[in-house]
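1. okay, here's the prediction I keep looking at, along with the sequence it came from:
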Amino acid sequence: MHSNRQEPVLTRKEDGMQKSDEEIQGLLMGLMDGELTAEEANYISDLLRKSERWRQEYNSLFGAHENLKGLSFEEPEDKVLRELWRSPYTKFAKEAAIRMIIGGYALLFIVGMYAFFFSSSGGWQVKLPIAAVIIGGLTYLALVIRERLATHKVDPYKEVKR
């Protein structure tokens, strides 16, 4: 009696081991994506030449692969969020928030420095080292910002979507 049930086909590897159906399907998908090494591509092309079953499987996978190529993997929520982030109102709100934060820190810093230097508590022995630390920190911050701005102008990856 002849049975139509297909047995899993195991094929020989170069090293004497056998490849399972799942490994072969993985190689078929790798062939469609252009991700195979030369040895793997030769192996699969030999297999496709010799086996009708794997040719049919490849054609089936290829049809599904072609249908999936046209689909966008960007979800609508992501698209809406990206448009929102690019809107002029969002940009204005971000810039306004940053200016308010910087302005608040600047006012707090100025009031603190005024109170520190013009109060009678503590002598010049305390105020001078603290002033040196503050001036050094601000100078370093300015240098880092300047370097970042200079680097940003020639950054080859600034146009890459993240």
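-> Perfect, I can see it now.
2. for the strand or helix carrying Pro129, packing partners?
-> Per DSSP states H and E, Pro129 falls inside helix 124-153. Here helix 124-153 touches helix 88-118, going by 3 or more CB pairs under 8 Å, 6 or more residues apart in numbering; DSSP states H and E. Where C-beta positions appear, they are placed from N, C-alpha and C, glycine not excepted.
3. what angle separates the helix it packs on from helix 124-153?
-> Inter-element angle recorded for helix 88-118 and helix 124-153: 160 degrees (by axes from the mean of the first three to the mean of the last three CA atoms, to 10 degrees).
4. roughly how far is helix 88-118 from the heart of the chain?
-> Centre-to-centre, helix 88-118 and its host chain are 32 Å apart (CA atoms, centre = their mean, to the nearest Å).
5. what ranges in this structure fall below the confidence cut-off?
-> Scanning the chain for pLDDT under 70 picks out 1-18, 70-76, 81, 84-86, 90, 121-122, 124-126, 158, 161-162.
6. hmm, try it at 90
-> Where the chain drops to pLDDT under 90, the residues are 1-138, 141-142, 144-162.
7. now the helix holding Pro129: how far from the chain's centre is it?
-> 32 Å.
8. with that, I have no additional questions.
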